[in-house]
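[1] Take this sequence and fold it.
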Amino acid sequence: MLPVWYPSRRMSPRGGFSRVIRSAKDAVHGLLSRAGYYIDGRDGHYSLRRRIVLGAGHYLDVIRFAIGTPRVALVLGAYEGNGVREIANAFPRARVYGFEPDPDTYVRFAAKMAAIPNAIPVQAAVGELDGTATLHRNRSADTNSLLPLDAQMTITSSAETAVEVPIDTLDTFCKRENIDVIDYVHADLQGYEMNMLRGAIGLLTDKRIRMILVEVCLDPMYVGQSRFEDLYAFMIEHGYRFVCTQGMFFDGVKPYPRSGNLIFVAA
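    Residues are numbered from 1 along each chain as shown. The predicted structure is shown next:
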């Protein structure tokens, strides 16, 4: 997800007032995003910039074309649930599991999913090992990651706190939940996508993930982030075919995308 600058939040004993300020900031961000803009904070100078997204929203059409109607879908890095809601509403007979590790965000996410009968919230991160991991919580909550921010990212976000969160591998989760086949995986893990894929090696080897969308950061955003060439080579090596890119984020500053999504299907 393309990082967006937010003004610094001050902690206040008046928790209700802080929530009002947070809601107001989120509302402004949402209005700007719908209008195709974002606030850029480069070198301490804040400006309104055009935000261009190629292929936005088309992944539902790709799902329908490539695999039909999914029965089981997983959204990894669900944040506050927009992607889970989209998939659950588009495919009401599918079970849609949404993974969100941040404890505060998870509360909001789970509350929003309560009215969606086929949405199943899961409070966990996803990686290559089971257990616990450190989640880096940033000023811009949609940039939270199991990886620390790259120094260049401090122009748009900054680290605030860290918290230990539970982490599952997809192989373990599916065994525990008796899921034999995942029709669709939507992975927005802020640079941690390769780790997730390594933890799904059993599913991938047996082609028990039919279709997968993985985010890729093309600008330096996180220390040790997954690289385009590594994601592509890993999926091809394990018998998947590249379908298309989707949601490529251009910020109007550079002539290439800062992040985007790669879609693969089992060959």
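[2] Could you use CA atoms for every contact and neighbour count after this?
    OK.
[3] How many neighbouring residues does residue 205 have?
    14 (other C-alpha atoms under 10 Å).
[4] Tell me the confidence at the nearest residue to it once chain neighbours are set aside?
    Across the structure, with C-alpha to C-alpha, 6 or more residues apart in numbering as the measure, the residue nearest residue 205 apart from its sequence neighbours is residue 238 (6.2 Å). The per-residue pLDDT reported for residue 238 equals 97.
[5] And residue 238, how close does it get to residue 201?
    9 Å (C-alpha to C-alpha, to the nearest Å).
[6] ditto for residue 62
    24 Å.
[7] Could you do residue 185 as well?
    Computed as C-alpha to C-alpha, the residue 185 to residue 201 distance reads 14 Å.
[8] Help me confirm that residue 25 is found in a helix?
    Yes - the assignment for residue 25, made by DSSP: H, G, I helix; E, B strand; the rest coil, places it in a helix.
[9] Now do the same contact list for the residue nearest the centre of the chain.
    In the chain, the residue lying closest to the centroid (C-alpha atoms, centre = their mean) is residue 188, at 2.3 Å. When contacts are counted by C-alpha atoms under 8 Å, 6 or more residues apart in numbering, residue 188 is found next to 1, 75, 76, 77, 78, 214, 215.
[10] Residue 60 too?
    Contact partners of residue 60, counting by C-alpha under 8 Å, 6+ apart, are 87, 90.
[11] nearest residue to residue 71 other than its sequence neighbours?
    Looking at residue 71 with C-alpha to C-alpha, 6+ apart, the closest residue is residue 94, at 4.2 Å.
[12] circling back: my guess is the residue nearest to residue 205 contacts residue 204. True?
    Yes - counting by C-alpha atoms under 8 Å, residue 238 touches residue 204, with 6.6 Å between them.
[13] okay, the two: which has more neighbours?
    Each of residue 238 and residue 204 had its neighbours counted (other C-alpha under 10 Å), and the higher figure belongs to residue 204 (19 against 15).
[14] Torsion angles phi and psi at that one?
    phi -70, psi -40 (degrees, to the nearest 10).
[15] From residue 137, how far off is it?
    Distance, residue 204 to residue 137, by C-alpha to C-alpha: 30 Å.
[16] Look at the closest residue to residue 92 other than its chain neighbours and report its pLDDT.
    Distances taken as C-alpha to C-alpha, 6+ apart put residue 118 closest to residue 92, at 6.6 Å, once the chain neighbours are dropped. Residue 118 carries a pLDDT score of 98 in this model.
[17] Enumerate every residue touching residue 118.
    Residues in contact with residue 118 (C-alpha under 8 Å, 6+ apart) are 88, 92, 93, 94, 95, 96.
[18] Between these, identify the one with the most neighbours.
    Comparing the contacts of residue 118 by number of neighbours (other C-alpha under 10 Å), residue 96 comes first, having 28 neighbours.
[19] Not counting its own residues, what contacts the helix or strand where it lies?
    When secondary structure is defined using DSSP states H and E, the element that contains residue 96 is strand 95-99. With C-alpha under 8 Å, 6+ apart as the contact definition, strand 95-99 has outside contacts at 71-78, 81, 84, 87-88, 118-126.
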